[in-house]
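> I'd like to go over a predicted model; first the sequence, then the structure.
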Amino acid sequence: MRNYLLPLACLLSAAALLKAEVETEVVIEGLANPTAVAVEPESGDVYIAESAAGRVARIEEGKAVDVVTGFSLDEYGKDPTYKIGPLGLAFLDQNHIVVSGGGDPDGEDFVAIYEFGQKSTADKPVQKLGPLPAEGEVKPEGNFYGVAVVKLNNVDWIVTTANGDDEKGWLAAAKKDKSNFKPLTRYIATKELTKVDAPAAITVSPRQEAVVGQMGEIATPGDSLLTFYDVQEKGMLMSLPTGLSDIVGLAYSPKTGRLYAVDFSWHDPSQGGLFRIDAVRVDGKQAAKATKIIDLMKPTSLDFAKDGTLYIAEFGEGENGGRVLKIAPGL
């Protein structure tokens, strides 16, 4: 079986990282529930989904500059609840950004592509994907938390995690056909494969697999899974327990190839943080080991710049306690 995580040989070189103090720098603060941070690979520009403000913005000199505004707002969660709008971000190319949404009722949420070189509004996308309303006994879909662009055989796929139907835990997907994407469809029922619901985090492995954090129940500690899917074949490759509670963000370091996760830890926010996930062997079988790098207050997303700088979004505390942090290259 392939080793989908960091090879064991890298563990020794990674161990030194724990002995060094990892420092964070505040890039921007005073944000309203930032749920996504994404770095445009070529320019290095940093974008955020400031969910409770209903906007996507670019960070310029410590300030958030509007890119797409006017997203609807809804509420998510219980004890507490949070206002949410746009949720996930991914870059399609140097001119277009994909935004997954959660600000509308289930069955009305959608994923959309916007041109980010100029200011736009949520109702004027280049292409709208979805919504996915109820179909007979099939429940309506919504709360598209994470989104990623998978490139297979020179064809782009947009894949998003969905949290409308808790019995299925869908990954929804749309395949590009010439200049546009085909309609968004319910694609992989992750709960049927893993027995754990709430797919949330999603990233793309170096081999173009969809790597998903199955968040699990927000009241249950330690139930999050790390799961790998073959998008072309609509199949699960591997699913591993992590011991983390609510994985909401995943990213591979472009410099070291290591996989990192952020855990929101809904049941106990003091346990949240940034974790490195390594491959280990347990009873001769591949397993995942999560090692905490730093504490964070309700982290929601992370992304690496090409030079290895890591950006992290967190809700923080209070109505506008959200921040974006950065960590210098080295992870």
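Looks like it came in fine.

> thought residue 156 was touching residue 176?
Yes: counting by Cβ atoms under 8 Å, residue 156 touches residue 176, with 4.3 Å between them. (C-beta placed from N, C-alpha, C; glycine too.)

> what's across from residue 34 in the sheet?
Taking DSSP bridges as the rule, residue 34 bridges to residue 50.

> ok, so what distance separates it from residue 89?
Per Cβ to Cβ, to the nearest Å, residue 34 is found 10 Å from residue 89.

> any shared contact partners between the two?
Counting by Cβ atoms under 8 Å, 6 or more residues apart in numbering, the common neighbours of residue 34 and residue 89 are 48-49.

> if I look at residue 22, how far off is residue 290?
16 Å.

> quick one: the helix or strand hosting residue 211 to chain centroid distance?
Residue 211 is located in strand 210-214, with elements delineated by DSSP states H and E. Strand 210-214 has its average C-alpha position 9 Å from the chain's average C-alpha position, going by Cα atoms, centre = their mean, to the nearest Å.

> what lines up beside that strand in the sheet?
Here, using DSSP bridges, strand 210-214 pairs with strand 199-204 (antiparallel), strand 225-230 (antiparallel).

> thought residue 269 was touching residue 295, still the case?
No: in this structure, residue 295 is not within contact of residue 269 by Cβ under 8 Å, at 9.9 Å.

> the two: who's more crowded?
residue 269 (20 against 12; other Cβ atoms under 10 Å).

> spatially, what comes nearest to the more buried one if we skip its sequence neighbours?
Counting by Cβ to Cβ, 6 or more residues apart in numbering, residue 269 lies nearest to residue 298, which is 5.3 Å off, once chain neighbours are set aside.

> stretch 43-52: end-to-end distance?
Using Cα to Cα, to the nearest Å, one end of stretch 43-52 lies 27 Å from the other.

> now stretch 261-268
Span of stretch 261-268 from end to end, Cα to Cα: 17 Å.

> for that stretch, which positions count as buried?
261-266 (16 or more other Cβ atoms under 10 Å).

> tell me which stretches of the protein form helices.
For the chain, the helices defined by DSSP state H cover 9-19, 190-194.

> quick one: mean pLDDT for the shortest one?
Rounded to a whole number, the mean pLDDT of helix 190-194 is 97.

> numbering from 35 from now on, please.
OK, 35 is where the count begins now, so the last one is helix 224-228.

> what residues sit buried inside that helix?
Buried residues in helix 224-228, counted by 16+ other Cβ under 10 Å: 224-225, 228.

> then stretch 258-277?
Across stretch 258-277, burial judged by 16+ other Cβ under 10 Å covers 258-265, 270-276.

> spatially, which two of the residues you listed are the most separated?
By the measure Cβ to Cβ, 265 and 275 form the most distant pair in the buried residues of stretch 258-277, at 22.9 Å.

> quick check: bridge partners of residue 284?
Here residue 284 sits in beta bridges with residue 295, as judged by DSSP bridges.

> that one touches residue 295, doesn't it?
Yes: with contact taken as Cβ under 8 Å, residue 284 and residue 295 are classed as touching, separated by 5.3 Å.

> what is the burial count for the residue nearest to residue 290 when sequence neighbours are not counted?
Computed as Cβ to Cβ, 6+ apart, the closest residue to residue 290 that is not its neighbour in sequence is residue 365, at 6.8 Å. Other residues lying near residue 365 total 21 when counted by other Cβ under 10 Å.

> distance of residue 365 relative to residue 75?
Residue 365 sits 17 Å away from residue 75, taking Cβ to Cβ as the criterion.

> higher neighbour count, residue 56 and residue 324?
Applying other Cβ under 10 Å to residue 56 and residue 324 shows that residue 324 carries more neighbours, namely 22 against 14.

> could you report the pLDDT at the spatially closest residue to that one that is not a sequence neighbour?
Counting by Cβ to Cβ, 6+ apart, residue 309 is the residue found nearest to residue 324 once chain neighbours are left out, at 4.4 Å. On pLDDT, residue 309 comes in at 99.

> do I have it right that residue 309 meets residue 293?
No: counting by Cβ under 8 Å, residue 309 does not reach residue 293; the two are 9.4 Å apart.

> common neighbours of the two, please.
Among the neighbours of residue 309, none is also in contact with residue 293 (Cβ under 8 Å, 6+ apart).

> before we move on, back to that, closest to residue 215 among the buried residues of stretch 258-277?
Residue 215 lies nearest to residue 265 out of these, by Cβ to Cβ, at 13.7 Å.

> how about that closest one, what does it touch?
By Cβ under 8 Å, 6+ apart, the contact list for residue 265 reads 184, 186, 191, 193, 207, 242-244.

> likewise for residue 110?
Counting by Cβ under 8 Å, 6+ apart, residue 110 makes contact with 116, 118, 136, 177.
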